[in-house]
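In: Everything below, folded, please.
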Amino acid sequence: MKSNICNSFDKQNISYRLYLVSDQKVLRGRDFLNSLEKAILGGVTVLQLRDKDNSSKAFYTLALQVKELTEKYKIPLIINDRIDIALAVDAEGVHLGQEDLPITLARRLMGPDKIIGISTATLEEAKKAEAEGADYIGVGALFPTATKSNTRSVSLDQLTIIKENVSIPVVGIGGVSEKNMASIISTGVDGVAVVSAILGKEDVRRAAKNLTKFYLTSGGNHS
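Out: Below you'll find the model as predicted:
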């Protein structure tokens, strides 16, 4: 039976402040679902489930479990790349790369109420994403990152220009940590996306809590 929780989300008012992208590898064997729950309790506002290694069946099974968790804490679940999985578990949205299905097709498949995000690295890509109906964009990689290969480098000046020229939420991604968060926030972004800065820490909940506090005290978007 489909969940109706997505009806409680107004996608125009989603907080992208602390956007967690999952990666089981950085947990070094620690329990995945338990770690995600701790991250949410620490202040994560959006969770993206990314799984590049498992079969479709395994991804679906995991996504169902994660959906129960995000429903429990009433935060949006975004599925990386896989529109079919997002639809199958009634996730709140999907995040696409430049080489994935076009946003216009994703919208036809997902419907008007679902969240569609897309990775961008240039102003042209950002403006195109907005014109085609994306709900938010992820911009990066801002700093070196070990959790994703084949990234494109984006400077903070470029991020500022992108933020100033689109009206949809902008999330900075790529090597985000407490050390560079203030410089990212200064560009006016609507949130930061993190992986290792939370899941790579021994105390996941504390790491998320510290990032949330640092974000807010550094003048980040309070929504």
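
In: Every contact and neighbour count from this point should use C-alpha atoms.
Out: Fine.

In: Check which residues of the longest helix along the chain are buried.
Out: Ranked by number of residues, the top helix in the chain under DSSP state H is helix 56-73. Neighbour counts using 16 or more other Cα atoms under 10 Å place 59-60, 62-64, 66-67, 69-71 of helix 56-73 among the buried residues.

In: and what of stretch 46-56?
Out: Residues 46-51 are the ones in stretch 46-56 that count as buried (16+ other Cα under 10 Å).

In: now do stretch 189-204
Out: Applying 16+ other Cα under 10 Å to stretch 189-204 flags 189-200, 204 as buried.

In: Take that stretch, keep the C-alpha atoms, and write them as PDB.
Out: Output in PDB follows, covering the C-alpha atoms of stretch 189-204 (Å, rounded to 0.1, in the frame of the first residue of the first chain):
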ATOM      1  CA  VAL A 189      23.300  28.800  -0.700                       C
ATOM      2  CA  ASP A 190      20.100  27.200   0.700                       C
ATOM      3  CA  GLY A 191      22.000  24.200   2.200                       C
ATOM      4  CA  VAL A 192      25.000  21.900   2.100                       C
ATOM      5  CA  ALA A 193      25.100  18.200   1.100                       C
ATOM      6  CA  VAL A 194      27.400  16.000   3.100                       C
ATOM      7  CA  VAL A 195      28.600  12.400   3.200                       C
ATOM      8  CA  SER A 196      31.800  11.700   5.100                       C
ATOM      9  CA  ALA A 197      31.400  14.800   7.400                       C
ATOM     10  CA  ILE A 198      28.600  12.900   9.100                       C
ATOM     11  CA  LEU A 199      28.700   9.200   8.200                       C
ATOM     12  CA  GLY A 200      32.500   9.000   8.300                       C
ATOM     13  CA  LYS A 201      32.500  10.200  12.000                       C
ATOM     14  CA  GLU A 202      32.500   7.800  14.900                       C
ATOM     15  CA  ASP A 203      29.600   9.700  16.600                       C
ATOM     16  CA  VAL A 204      27.200  10.300  13.700                       C
END
